[in-house]
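>>> fold the following for me, if possible:
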Amino acid sequence: MFDKQTSRWLLQGKNVSYGLGVDKNGTLQHLYFGSKLPFVSDLPDVNTAIYHSSFEPSGGITQPEYPAWGGMYYYEPCLKATFSDHVRDTRLVYKEHQITENEQVDELVIVLQDTVYPLFVHLHYRLFPEHDVIERYAVIENTGTTPITLEQALSGSWHTPRGDRYRLTHLGGKWIEETQIYQDEITPGKKTLESRRGNTGAQANPWFAIDRGTADEDQGEVWFGALGWSGNWKITVEYNPFKLLQVSGGIHDFDFAWHLEGGKSFQTPAFVGGYTRLGFGQASRNFHDYQRNHVLPKPIAEQVRPVLYNSWEATYFDVTEQGQMALAERAAAIGVELFVVDDGWFGERHHDRAGLGDWTVNPVKFPNGLKPLIDKVESLGMRFGIWVEPEMVNPDSDLYRKNPDWIYHFPNRPRTESRNQCVLNVSKPEVQEFIFKMLDDLLSENNIDFIKWDMNRSFSEPGWPDAPQAIQKEIWVRHVQGLYDILARLRAKHPKVAFESCSGGGARIDLGIMRLTDEVWTSDNTEPYERLFIQEGYSLAYNAQTMMCWVADSAKWVKNRPAPVAYRFHSSMMGSLGIGGNLTQWSEEELAESTQLIEEYKSIRHIVQKGNQYRLLSPRKGNTTAVQYVTHDQSESVLFALMHPQKFQNPSPRIYLRGLKSDSLYKVTDIEEPISGSALMNRGIDVNLHADLASKLLKIREVK
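Okay, the predicted model is just below:
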């Protein structure tokens with residue numbers, strides 16, 4: 001809704017409203033983000049500002065919607081620009097707007113312009129009312145003839161109401177410890193979450209949540225958001241002495257500059273935000289549904305993810321046709337639907353020191369190419385997938401020897417290797433074309449249904465010696481744009497192929513890569529107990545359908561902690577199930593139990609992957625983890641309960657279910673009489689776990 005007389009806009013979702021207005025100076029101001037308001041007139045006066053003193057101009061005590069660096073503005077700007085005459089001050093005022101309405105999403109575009117220079121900023125707001133989620137991004141346009149240098153170009157700033165107490169929830173970690181939950185009281189000043197590594201990063205994830213310090217899973221105001229960008233990014237949480245909080249996010253300004261020629265524009269990535277009064281649980285469920293319905297690629301997103309087997313931990317680089325066929329027979333026998341060959345199938349790839357970049361089938365390992373193996377896999381009733389790492393190269397490879405300048409590097413500096421490899425300069429059009437053609441040929445010549453796309457190291461020496469000086473600092477952005485373009489072209493030409501995003505574990509997980517891939521590799525850590533902590537943090541931001549979870553060998557390399565087959569499966573069945581162990585070494589008893597558990601997963605995966613998730617008991621608190629999934633019509637549910645290494649023989653606590661119909665009866669596994677949804681949610685149930693690493697899966701089905 002737009003009120004022309006007061007120059008105010010009100011965006012309305014199912015339970016949320018977002019308000020904007022233009023003040024008397026022409027500045028676009030944020031007015032409201034919270035529970036739904038019925039009328040534009042409910043918004044505050046856009047010209048209300050706090051006056052403190054001459055040392056604090058009122059422009060710094062308001063909430064500018066898209067602040068530019070200029071004048072007496074001293075907080076985090078969304079835009080910092082230098083014009084051709086070396087002026088570094090930007091003044092943006094309202095010019096016009098446009099509203100587009102359709103069935104799925106309404107879009108508001110507000111155009112701001114500099115008061116002197118030919119610089120325009122088009123602010124896009126896309127409202128998804130059924131999820132109470134707003135997508136926003138900016139298009140920065142130079143309508144003049146001389147270039148403008150963008151030194152900071154964020155996607156936008158989210159604001160909360162003036163308040164005395166706020167808390168930040170965010171995700172951090174490292175390799176094999178991704179998406180750990182951290183909560184910090186917000187005090188005056190600035191906290192920056194970021195990656196400067198060239199990828200999304202495992203050290204922080206571009207997701208945040210803000211609450212008033214008292215919200216839990218079921219109640220309390222929560223403002224949340226995430227950035228859709230797979231390169232350098234930052235999210236800055238800034239709380240000023242006047243109790244105003246803003247969260248600004250976008251492409252990182254570190255080592256960044258964009259040369260914006262006359263007549264050209266620059267589009268920022270989407271910064272998505274939402275609000276709920278029903279705690280972190282509802283924030284997650286809203287966000288999960290938004291991702292499934294509006295982010296993940298269709299039509300694959302509308303299906304359930306297949307049970308996958310990956311050969312990496314069974315063979316490492318010792319890949320042979322006969323060895324893979326033997327694994328495929330074992331995998332098919334226990335119910336696997338997608339068989340994936342990992343690293344070691346190409347070039348002179350016998351270890352991680354050589355061959356990366358030479359994407360031709362090794363003739364010794366596969367004398368007749370991949371076709372005999374693919375035929376075997378398909379004859380067993382499975383589909384075939386394969387691993388690639390297209391953005392990387394070993395110096396010991398034909399590709400590097402032929403094109404040594406295809407990697408990022410600086411003259412007079414070492415070409416740092418990590419994992420014995422270097423990063424290809426995907427900013428280069430010829431490198432993009434090489435990667436696309438390589439994968440296009442691989443997919444065109446073989447019946448491949450799945451690509452695991454890996455990226456196993458961060459950037460270093462980000463130089464492009466033969467490029468103009470003006471675009472040297474653009475490589476961070478151009479690399480990601482090139483990656484997205486390659487994936488988009490491949491998806492268009494090979495629409496049946498599903499893609500998995502992987503980066504040294506979970507270092508490339510964000511809404512940007514999810515628009516072009518179907519699942520992500522959550523972590524190299526496949527230890528089932530530690531995965532509970534990783535998966536809990538992941539679920540705050542991202543949905544279970546995208547979360548690949550492997551059942552690995554017991555007491556594998558991450559931790560020497562033996563775990564029962566059921567516990568390993570139950571931990572991994574809370575996402576998209578994969579098998580990563582060496583099946584040739586599993587006992588007949590283990591294989592038989594695995595067959596039953598895979599069959600059980602297939603019967604419930606539509607609930608896990610598509611349903612509403614409820615985090616009932618956290619692995620960070622107490623001796624039991626409990627996670628529930630419920631179909632949207634509330635007719636089916638599944639509960640996972642897993643006992644941790646426990647103390648003093650304390651039993652697992654009573655579990656109170658969520659998301660059921662109060663007045664309906666439900667049949668619960670191992671409970672003879674049907675029980676009402678009200679009883680399951682208010683009286684709760686005992687799952688009676690007593691031993692270390694004991695676990696249970698309970699099915700809950702409405703009795704018609």
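
>>> where in the stretch 1-150 of the chain is pLDDT low?
Scanning the stretch 1-150 of the chain for pLDDT under 70 picks out 58-60.

>>> name the nearest residue to L296, sequence neighbours excluded.
Excluding its sequence neighbours, the residue lying closest to L296 (CB to CB, 6 or more residues apart in numbering) is M514, at 6.1 Å. From N, CA and C alone the C-beta is placed, and that goes for glycine too.

>>> which residues touch R353?
Contact analysis of R353 by CB atoms under 8 Å, 6 or more residues apart in numbering lists N394, D396, N420.

>>> most neighbours among the residues you listed, please name it.
N394 (24 neighbours; other CB atoms under 10 Å).

>>> burial count for K24?
When neighbours are counted by other CB under 10 Å, K24 comes out with 8.

>>> let me fix that, I meant to ask about P241.
Counted with other CB under 10 Å, residues neighbouring P241 total 10.

>>> where does it sit: helix, strand or coil?
At P241 the chain is in coil, as set by DSSP: H, G, I helix; E, B strand; the rest coil.

>>> same check on E433?
Assignment for E433 (three-state DSSP): helix.

>>> same question, G21
Assigned with three-state DSSP, G21 falls in the strand class.

>>> what about it, neighbour count?
Other residues within reach of G21, judged by other CB under 10 Å, total 24.

>>> I figured it hits T48, correct?
No. In terms of CB atoms under 8 Å, G21 does not count as a neighbour of T48; the distance is 10.1 Å.

>>> which strands and helices lie in contact with the strand ranked longest in the chain?
Assignment by DSSP state E gives strand 148-160 as the longest strand of the chain. Identification of packing neighbours for strand 148-160 by 3 or more CB pairs under 8 Å, 6 or more residues apart in numbering; DSSP states H and E yields strand 28-35, strand 79-82, strand 133-142, strand 222-227, strand 245-251, strand 258-260, strand 271-276.

>>> can you check the pLDDT for F648?
pLDDT, F648: 77.

>>> ok but it is inside a strand, no?
No. Read with three-state DSSP, F648 is coil and lies in no strand.

>>> how about the contacts made by it?
Listed by CB under 8 Å, 6+ apart, the contact set of F648 is empty.

>>> for the spatially closest residue to D686 that is not a sequence neighbour, give me the pLDDT.
Nearest residue to D686, sequence neighbours excluded (CB to CB, 6+ apart): R654, at 5.5 Å. As predicted, R654 sits at a pLDDT of 96.

>>> R654 is in contact with N682, isn't it?
No. Look at R654 against N682 with CB under 8 Å: they stay out of range, at 11.0 Å.

>>> neighbours of N368, just the number please.
A total of 10 residues lie near N368 under the criterion other CB under 10 Å.

>>> from W258, how far out is it?
49 Å (CB to CB, to the nearest Å).

>>> distance between the longest strand of the chain and the chain's centre?
Chain-centre distance of strand 148-160: 21 Å, with CA atoms, centre = their mean, to the nearest Å.

>>> give the contact list for A694.
Per CB under 8 Å, 6+ apart, neighbours of A694: P564, Y567, L642, M643.

>>> what about the third one, which SS state?
So that's L642. Assignment for L642 (three-state DSSP): strand.

>>> what of the second one?
In three-state terms, and counting by three-state DSSP, Y567 is helix.

>>> low-confidence ranges, the chain, go.
Looking at the chain by pLDDT under 70, you get 58-60, 557-560.

>>> on that earlier part again, so which of the contacts of R353 is the closest to D211?
Closest approach to D211 among the contacts of R353 (CB to CB): N420, at 44.9 Å.
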